[in-house]
Each structure stands twice: as structure tokens, then as C-alpha cells.
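A.B. asks: Make a model of this:
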Amino acid sequence: MEVVKARGFRRAADVLGMPSSTVSRRVSALEKAIGLRLLHRTTRRVELTEAGQIYYERCRRIVDEARLAHEQLGELLAQPTGVLRASLPVDFANTYLAPLIAEFACRYPGIRFDLDLTPRKVDLVAEPFDVAIRMGDPEDSNLIARWIATLRCCLYAAPGYLEQAGEVRHPTDLARLDCLVLRGSRATTWTLRSGEARVEVPVSGRFQLNSIGLMRRLATLGQGIAVLPEEIAAEDVGQGRLRRILPAWEGPPAPVYAMTETRLLPAKTQRFIEFVREAAKARRGERHE
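C.D. replies: Numbers count the residues shown, from 1 in each chain. As a prediction, the model looks like this:
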């Protein structure tokens, strides 16, 4: 394990606190016992063979599990510590997750944070992230998805826009109005539901964009009607900048997941996922009271 991580016998020996000749001899003995070469050795570098890659991945999981077992036993009553590296969707993090992260940071002062806000889907296998919060149904079956919440999506517009355009009484009225639509979605059609009823409405508008935050802002500036997660629109609704329209109708819900590369999570990551899930549940309960 350490030879692969250090990319050489000498650096691995320094980490393990033993002579490099001993490390080399033990690897050779392991290869002999298995009957396959695990490493390509050159004067400059050490690389895994195909057999070595398979053996390394299996052993790495075993070692990780043993390490986590020691951590859980040794720190059962201790506060989790370390750097939590998380990838977060930009707009959702700014409008919804920020206060939750602040509360979590106060509860666990031993955790430091390295947060990456980006619209791209980071590679949890190749990049050093502990967790990625993603909106939408999971696409990568090789990752572990933990459900966080399902956000209601409703229709909103600025009061000034509604005064100019007229009140919206039925989903079919949307066809004559300016609508703000997400790029990559079915931009010409919105699917709305009211109980068991479902209707597909043709929509159009001057703006197609890939940012929920900008869509929300343009809606407050009277540029059209937007379908937004209830949690993201809540502040603007409370301040009177947005008004919910067609209250009996909703857009498709937006699921939120915490994605990890493995089920074996250190305490800092596990506590973070659990905290966000419970906070989201509490918020839903407060709205329904």
C-alpha cells in the first residue's frame, strides 16, 4: 500500500520507518506467494501491473475499513476532526446550505472545511473530495448515493411583472407569458402536477440559462416566471420580491443526494451528511406545521 502511495520504495520506507531493502524484500515475497508480478520497477518510478491494480484496490478497501474501525472505536466519544472536502452546487449552497454549514461548523469546531462550489460534476474517485452534494437523480452507479431531501418546485413571479402581464389563473395561461427556463431541460415544455392531474404546457421566453441563482434574480427583476425549489425562493417570497402563482400546481420535484466514493466514511463526513439530512427534514416539518 505505502509503496504505491509513495510511488517508490525509498519514500515508502521512510513512512514505514524501515530500510528500503526490507520493503523491497517483503513485496518480492508477496509476489512470489501470489505467483504474479504486482509492480513494474524502473530506476525512476514504480507502477502497478494489471494484477497489482486489482490487488491494490481490494487491499485498499480492507485497510480503509480497518482504519475506520479503529477510528470509530478510539474516537467514539470524541468530536470528529480533520478537513472536510466537499463539492457543492453553487446556487443551492449559497441560498440553502450556507446557514446549515455555519451551524454544523459551530457544533463541530474540530472540523475544517475545503468547499468547492462548481457547476461541474467532480470525479469523486480521482479527486480528493469526501462528499459531493448533487441535485437531481444519481447518474453514476459506481458511486454511493445517500438521499438528503426532495425539494418542492413551485412557480414564482415578481408582483410587478404580474401587474403588467395579468394574473395567471390556469397553467395554459403560461403560453402567453415570458418564462425563464433551464438550459438542458425540455425548454419548450413544462410538466406541472396538481394532485393526480398532470398537464404539459408549451412555454417560451427570452432567457435560457444554467443557473438557478440567476433565474431567481431575474424573476425578482420582473423578467418572467420561474419554476424554483421552494427553499430557494423562500427569502424573496418573505420579502415580497416574488409571489407564488398557480398555488395548486407544482413542477417536478428536485431530489438532493450526498454522493461518496465508498460506504466507508470517516466520522467528519458521516456526521455532515447526517446533519444536513436532519436539518432538511426539520425544515420540511416547520413548513408543514
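A.B. asks: Could you look up the SS state of residue 191?
C.D. replies: Assigned by DSSP: H, G, I helix; E, B strand; the rest coil, the conformation of residue 191 is strand.
A.B. asks: contacting residues around it?
C.D. replies: Residues in contact with residue 191, defined by Cβ atoms under 8 Å, 6 or more residues apart in numbering, are 198-201, 251-252. Glycine gets a C-beta too; all of them are placed from N, C-alpha and C.
A.B. asks: so what's the residue sitting nearest the centre point of the chain bridging to?
C.D. replies: To find the centre residue of the chain, average its C-alpha atoms and take the closest one (Cα atoms, centre = their mean): that gives residue 133, at 1.3 Å. According to DSSP bridges, the partner residues bridging residue 133 are residue 258.
A.B. asks: quick one: pLDDT of it?
C.D. replies: Predicted confidence (pLDDT) at residue 133: the value is 94.
A.B. asks: Looks like it contacts residue 149 (just checking).
C.D. replies: No: at 10.2 Å, residue 133 does not count as touching residue 149 under the criterion of Cβ atoms under 8 Å.
A.B. asks: Common neighbours of the two, please.
C.D. replies: When Cβ under 8 Å, 6+ apart defines a contact, the residues bordering residue 133 and residue 149 alike are residue 256.
A.B. asks: per-residue confidence for residue 12?
C.D. replies: At residue 12, the pLDDT value in this model is 69.
A.B. asks: show me what contacts residue 145?
C.D. replies: Contacts for residue 145 (Cβ under 8 Å, 6+ apart) come out as 138, 257-259.
A.B. asks: Given the helix or strand hosting it, what are its sheet partners and their directions?
C.D. replies: Under DSSP states H and E, the secondary-structure element containing residue 145 is strand 144-157. Strands adjacent to strand 144-157 in the sheet, as given by DSSP bridges, are strand 225-229 (antiparallel), strand 243-245 (antiparallel), strand 251-260 (antiparallel).
A.B. asks: Only the buried subset of the contacts of residue 145, as a PyMOL command please.
C.D. replies: The command below creates a PyMOL selection of those among the contacts of residue 145 that count as buried (16 or more other Cβ atoms under 10 Å):
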select buried, resi 257+258+259
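A.B. asks: of all the contacts of residue 145, which comes closest to residue 87?
C.D. replies: Minimum separation from residue 87 among those (Cβ to Cβ) is found for residue 259, which lies at 8.6 Å.
A.B. asks: Surely that closest one and residue 134 touch.
C.D. replies: Yes: counting by Cβ under 8 Å, residue 134 is a contact partner of residue 259 at 5.6 Å.
A.B. asks: Give the full set of residues in contact with residue 109.
C.D. replies: The contact partners of residue 109, taken as Cβ under 8 Å, 6+ apart, are residue 79.
A.B. asks: is it fair to say it lies in a helix?
C.D. replies: No: with three-state DSSP as the criterion, residue 109 is assigned coil and is not in a helix.
A.B. asks: quick one on the thing from earlier: buried members of the contacts of residue 191 into PyMOL, please.
C.D. replies: Burial among these is assessed by 16+ other Cβ under 10 Å; the matching PyMOL selection reads:
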select buried, resi 201+251
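A.B. asks: Can you add pLDDT and distance to residue 274 and give the contacts of residue 191 back as a markdown table?
C.D. replies: Shown next, in a markdown table, are those (pLDDT from 0 to 100; distance: Cβ to Cβ, whole Å):
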| residue | pLDDT | distance to residue 274 |
| --- | --- | --- |
| 198 | 94 | 35 |
| 199 | 94 | 38 |
| 200 | 93 | 38 |
| 201 | 92 | 39 |
| 251 | 93 | 29 |
| 252 | 90 | 27 |
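A.B. asks: For the contacts of residue 191, give me CSV that also has distance to residue 280.
C.D. replies: What follows is the contacts of residue 191, written out as CSV (distance: Cβ to Cβ, whole Å):
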residue, distance to residue 280
198, 26
199, 29
200, 29
201, 29
251, 19
252, 18
